[in-house]
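Novice: Next comes the sequence, and after it the predicted model I'd like to discuss.
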Amino acid sequence: MAWARRLQAFLEALGAHYGAHIGLALAIALLYLALTQSPRIPSAWLQPIRLLEASGEEAPSPEVLQALLQRSASLGGARRNGPALLVRQVDLHTEIPERPRRGIITYTVQAGDTLFGIAEKFKLRPETILWANYDLLQDDPHLLEIGQVLNIPPVDGVLHTVKEGETLEAIAQQYKVTPEVIRNAEWNGLLEGGEPRVGQVLIIPGGTRPFKGWTPPRQAYVVIAGGKRMPSGACPSVQVAPLGTGSFVWPVNSRWRSGYDFAPWHPGVDFAGRLGDPVYAADAGTVVYAGWSTVGYGNLIVLDHGNGYQTYYAHLSAIFVGCGQHVAKGTTIGLVGSTGRSTGPHLHFEIRGPGGFVNPWQALP
């Protein structure tokens, strides 16, 4: 019949037009059925995920995050014949930024501490630690000892205790900063136009001051721990002859450092040496100090070369010269030791000239 032929033609045309689409739909259906029946496929993969509403009032549940992470992990963050699902990993660790300390804190020196180590611990320069603790360290890192309680400023600079009659401008000038630097330092609590009160400890960010080098005392005896009375090594009435040549030789046989190097806060070099190694006069001169020192040097010899220069030889285990004695360049004047504030045998060697401390590395041959 005619209508049957027309129906058959219509079905054939319909199948030809939609056959590819129907085949794709059947393939997807069969793949889904296979996944749901497979025991190796995690069920979480096939669960629908409810996404957040646009209002953002509801936080994502742990189940949603876990499903997203599992699917992302299954794709390995890479492409598998198509774009991979990329999910930002959840990091529950919160980085807390460092903030400046709120003021001066204290630190008790522990076994093994050094000036370098303490400064690094608090992210400060070594000179800041020295300047903040002059009453204990007297600008000398060798005076550091276990049990000392140190002041630790919040920033690099200087601490200053205000005295009667001092003004903010004068204090700023003393430490080479502007008054605004001190006034704007939040720790000082100074008002605009106000002056600090007597006795107030000011934190002066970026402030500097000259280091105060130790000079030999004039008294003949000093008292050390336990009340023991020992010769100070002072030579109060010595006539210094102009014996110096203006050049220096090595004071020990070694040519390397074993301890602190020359720095503004450490005016010499700690040269390596074994206990009992000879110590030589770096230039001809007159002995103006030969004995015990109470500021960390231990047994100390000071030679005055009569030309504006002096040399210091510290921590000695033996002293072979005496007050007023003239010695030639290269003469053995003592032995390497570990007396005073010392952590092992070495020679602390200083050169002091008309302009202040001289770097031994630049003066020695």
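Specialist: Looks like it arrived, so ask away.
Novice: dump the residue contacts of the closest residue to T245 other than its chain neighbours.
Specialist: In space, and not counting its chain neighbours, T245 is closest to D283: 5.7 Å by C-beta to C-beta, 6 or more residues apart in numbering. Backbone N, C-alpha and C define where each C-beta goes, glycine included. Residues in contact with D283, defined by C-beta atoms under 8 Å, 6 or more residues apart in numbering, are 243-249, 303, 305, 309, 311, 329.
Novice: before we move on, what about G103?
Specialist: 154, 187, 203.
Novice: about what we covered before: just the pLDDT for the residue nearest to T245.
Specialist: Note on D283: pLDDT of 96.
Novice: quick one: it and A290, what's the gap?
Specialist: 16 Å (C-beta to C-beta, to the nearest Å).
Novice: now L150
Specialist: Taken as C-beta to C-beta, the span from L150 to A290 is 33 Å.
Novice: What of V279?
Specialist: V279 is 12 Å from A290, by C-beta to C-beta.
Novice: and what of L202?
Specialist: In terms of C-beta to C-beta, L202 sits 42 Å off from A290.
Novice: Between those two, point out the one with more neighbours.
Specialist: A290 (26 against 23; other C-beta atoms under 10 Å).
Novice: which residues of the stretch 151-300 of the chain fall in strands?
Specialist: For the stretch 151-300 of the chain, the strands defined by DSSP state E, counting those that start in this stretch cover 157-161, 201-205, 221-223, 229-231, 269-272, 278-280, 285-293, 298-304.
Novice: Just give me the neighbour total for K121.
Specialist: Neighbours around K121, by other C-beta under 10 Å: 12.
Novice: Who are the contact partners of the closest residue in space to it that isn't next to it in sequence?
Specialist: Nearest non-adjacent residue to K121, counting by C-beta to C-beta, 6+ apart: Y107, 7.9 Å away. Listed by C-beta under 8 Å, 6+ apart, the contact partners of Y107 are 118, 121-122, 149-150, 152.
Novice: got it, and V336?
Specialist: Here V336 is in contact with 252, 273-279, 315-317, 345-347 (C-beta under 8 Å, 6+ apart).
Novice: which residue sits closest to C235, ignoring its sequence neighbours?
Specialist: Here the residue nearest C235, using C-beta to C-beta, 6+ apart, is C323, at 3.5 Å.
Novice: can you tell me which of the strands of the stretch 151-300 of the chain the model trusts least?
Specialist: Among those, strand 221-223 scores lowest, with a mean of 49.
Novice: picking up where we left off before, could you flag which of the contacts of D283 are buried?
Specialist: Buried members of these, counted by 16 or more other C-beta atoms under 10 Å: 243-244, 248, 303, 305, 309, 311, 329.
Novice: which of those lies closest to I129?
Specialist: Nearest to I129 out of the buried ones among the contacts of D283 is T311 (C-beta to C-beta; 27.2 Å).
Novice: Let me know the pLDDT of that closest one.
Specialist: T311 is given a pLDDT of 95.
Novice: Tell me who's in contact with it.
Specialist: So T311 contacts 248, 251, 281-283, 285, 302-303, 305, 349-352 (C-beta under 8 Å, 6+ apart).
Novice: try it again with 7 Å
Specialist: 282-283, 303, 350-351 (C-beta atoms under 7 Å, 6 or more residues apart in numbering).
Novice: hmm, which helix or strand of this protein has the shakiest average pLDDT?
Specialist: Least confident helix or strand of the chain, by mean pLDDT, DSSP states H and E, is strand 221-223 with a mean of 49.
Novice: Can you tell me which of the contacts of D283 is closest to V358?
Specialist: Y309 (7.7 Å).
Novice: nearest residue to the closest one other than its sequence neighbours?
Specialist: Closest to Y309 by C-beta to C-beta, 6+ apart is G353, at 5.0 Å.
Novice: how much space between that neighbour and L335?
Specialist: Counting by C-beta to C-beta - G353 and L335 are separated by 26 Å.
Novice: Tell me which of these two has more neighbours.
Specialist: Set G353 next to L335 and count neighbours by other C-beta under 10 Å: L335 wins out with 20 against 13.
Novice: Who is the more buried one paired with across the strands?
Specialist: Counting by DSSP bridges, L335 is bridged to P278, A318.
Novice: so where's the stretch 151-300 of the chain shaky on pLDDT?
Specialist: 213-232, 265, 294 (pLDDT under 70).
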